[in-house]
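Trainee: prediction below, plus the sequence it came from.
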Amino acid sequence: MLTLFHAPRSRSTRFLWLLEELGAPYRIEKVDIFRSMSGTGARDPRNPHPHGQVPALLDEGVLITESAAIALYLTDKFPTAGLGPMISDPHRGPYLSWLAYYAGVLEPAVTNLWKQRQDDQDKAQYAALDERLRTTLEKQPWLLGEQFSAADILFVSLLQFARQMLPAHAVYDDWLARANARPALARAFSKDDLS
């Protein structure tokens, strides 16, 4: 059985959502991720993540960390749920691109914005990110068109946590509203603090 190492109201909450969307059997292992701003504090010995963070997923002795990797792993493991296109699907390339874009572009751009340490290059990257996302979502309801995917979960989970991290656009608000209406998300939120 899958074990999700989870801290409530953190990046691991998105994987409660994905696991609920997939209909996958899993158990939750609640772990502490608290460390002081100085980097001091005890690491939770139950947490197998190399940096003591979440998410971390354990599947039959195999540890998977990092959000994009976990999303890809789970959607490949449970292909019938249709949340990640398989290799023969023409949406596979865009799906992989969005997962990598989340980890390599969105997270760093938003982190720099949040920490208020954007230089001119960061500001240009953030503007390009906004344009790519906005123009994609102006044409279609989800990142892969009509099909909701794990890529949407990664991106939308950021908006659920910090809507202000992307500019005010109705297209983002509509995307967030569509995602928030999904029954699997309600189930995930009900388990978030109960884990």
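Mentor: Nice, I can see it.

Trainee: sketch out the low-pLDDT regions of the protein for me.
Mentor: Judged by pLDDT under 70, the chain has its weakly predicted residues at 34-41, 194-195.

Trainee: if we use 80, what do you get?
Mentor: 34-42, 108-119, 122-123, 161-166, 193-195 (pLDDT under 80).

Trainee: just the helices in it please.
Mentor: Taking DSSP state H as the criterion, the chain carries its helices at 13-22, 67-77, 92-101, 107-114, 120-139, 150-161, 170-180, 183-192.

Trainee: residue 155 - how many residues pack around it?
Mentor: 25 (other CB atoms under 10 Å). The C-beta positions use only the backbone N, C-alpha and C, and glycine is treated the same way.

Trainee: about what we covered before: ranking the helices of the chain by burial, who's on top?
Mentor: helix 13-22 (a mean of 25; mean count of other CB atoms under 10 Å).

Trainee: and the residue nearest the centre of this structure?
Mentor: residue 154 (2.6 Å; CA atoms, centre = their mean).

Trainee: I'd like the helices of the chain as TSV, with distance to residue 6 appended.
Mentor: Shown next, in TSV, are the helices of the chain (distance: least, CB to CB, whole Å):
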stretch	distance to residue 6
helix 13-22	7
helix 67-77	12
helix 92-101	20
helix 107-114	19
helix 120-139	27
helix 150-161	13
helix 170-180	20
helix 183-192	8
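
Trainee: quick check: which of those is nearest to residue 3?
Mentor: helix 13-22 (10.8 Å; CB to CB).

Trainee: and the closest one, what does it pack against?
Mentor: strand 2-6, helix 67-77, helix 150-161, helix 183-192 (3 or more CB pairs under 8 Å, 6 or more residues apart in numbering; DSSP states H and E).

Trainee: at 10 Å instead, please
Mentor: If you count contacts as 3 or more CB pairs under 10 Å, 6 or more residues apart in numbering; DSSP states H and E, helix 13-22 packs onto strand 2-6, strand 26-30, strand 56-59, helix 67-77, helix 150-161, helix 183-192.

Trainee: and it with strand 26-30, angle?
Mentor: With axes from the mean of the first three to the mean of the last three CA atoms, to 10 degrees as the basis, helix 13-22 and strand 26-30 are set at 170 degrees to each other.

Trainee: now helix 13-22, how far from the centre of its chain.
Mentor: Distance of helix 13-22 from the chain centroid (CA atoms, centre = their mean, to the nearest Å) equals 9 Å.

Trainee: same deal with stretch 1-15?
Mentor: With CA atoms, centre = their mean, you get 11 Å for stretch 1-15.

Trainee: make 202 the first number, not 1, from now on.
Mentor: Sounds good: first residue 202 from here, last item stretch 202-216.

Trainee: list the buried residues for that stretch?
Mentor: 203, 204, 205, 206, 207, 208, 211, 212, 213, 214, 215, 216 (16 or more other CB atoms under 10 Å).
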